[in-house]
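>>> Provide a 3D model corresponding to the input given below.
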Amino acid sequence: MVENSYILIGIHRLVKDLDRETARICAEHGLTIPQFMVMEALLHKGCLTVGEIKETILSSNGTIPVIINNLEKMEMVRRTKDAKDHRKSRIELTEKGRERIEQAYPENERMFSDKFDVWTKEEKNTLIELLAKYHKSTKRKEKP
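Alright, predicted model coming up:
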């Protein structure tokens, strides 16, 4: 049981450290972490619906519209009606938003690379395999 506690504490410390550094980078660019996550999803996936954004960044239903409204007020994103389903809105980066996330995203990626340099390529691959194994086992347990 002791090993399980060490694993959990280690994962929490890692995530807390990465979040703290990401928050610092975001703040330097006038963004919050959730705003950064939405904009990063739009940067890499293009125009998305609110539901697609929620799925992409693994967020709850209630927070995404608030984040999008704030980004819209900041002129970072624009909302248009979906041509196929007028009940849905499609969200896309504005030029101002694209410029901002294209500055912030590479800084965050460099930070991750620097932090993860503590591991060899083989260790990183092992970690990915272990995390995938855990994720796969939890998916099997969810199915009836």
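>>> from here on, contacts and neighbour counts on C-alpha atoms
Noted.
>>> neighbours around Glu107, how many?
15 (other Cα atoms under 10 Å).
>>> Can you spell out which helices and strands pack onto the helix or strand it falls within?
Secondary structure assigned from DSSP states H and E places Glu107 in helix 95-116. On a contact count with 3 or more Cα pairs under 8 Å, 6 or more residues apart in numbering; DSSP states H and E, helix 95-116 meets helix 2-28, helix 33-45.
>>> Could you give the average pLDDT over that helix?
If you average the pLDDT over helix 95-116, you get 97.
>>> Spatially central residue in this protein, please.
Met37 (4.1 Å; Cα atoms, centre = their mean).
>>> now that residue, nearest residue through space, not along the chain?
Spatial nearest neighbour of Met37, excluding adjacent residues (Cα to Cα, 6 or more residues apart in numbering): Ile57 at 6.5 Å.
>>> rewinding a little: for the helix holding Glu107, list every residue counted as buried.
Gly97, Arg98, Arg100, Ile101, Ala104, Tyr105, Asn108, Met111 (16 or more other Cα atoms under 10 Å).
>>> Identify the residues contacting the fourth one.
It stands for Ile101. Phe36, Met39, Glu40, Leu43 (Cα atoms under 8 Å, 6 or more residues apart in numbering).
>>> Make TSV from the buried residues of helix 95-116 and add distance to Asp17 to it.
Formatted as TSV, these follow (distance: Cα to Cα, whole Å):
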residue	distance to Asp17
Gly97	26
Arg98	26
Arg100	23
Ile101	21
Ala104	18
Tyr105	17
Asn108	13
Met111	11
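>>> Going by distance to Asn4, which of these wins?
Met111 (27.8 Å; Cα to Cα).
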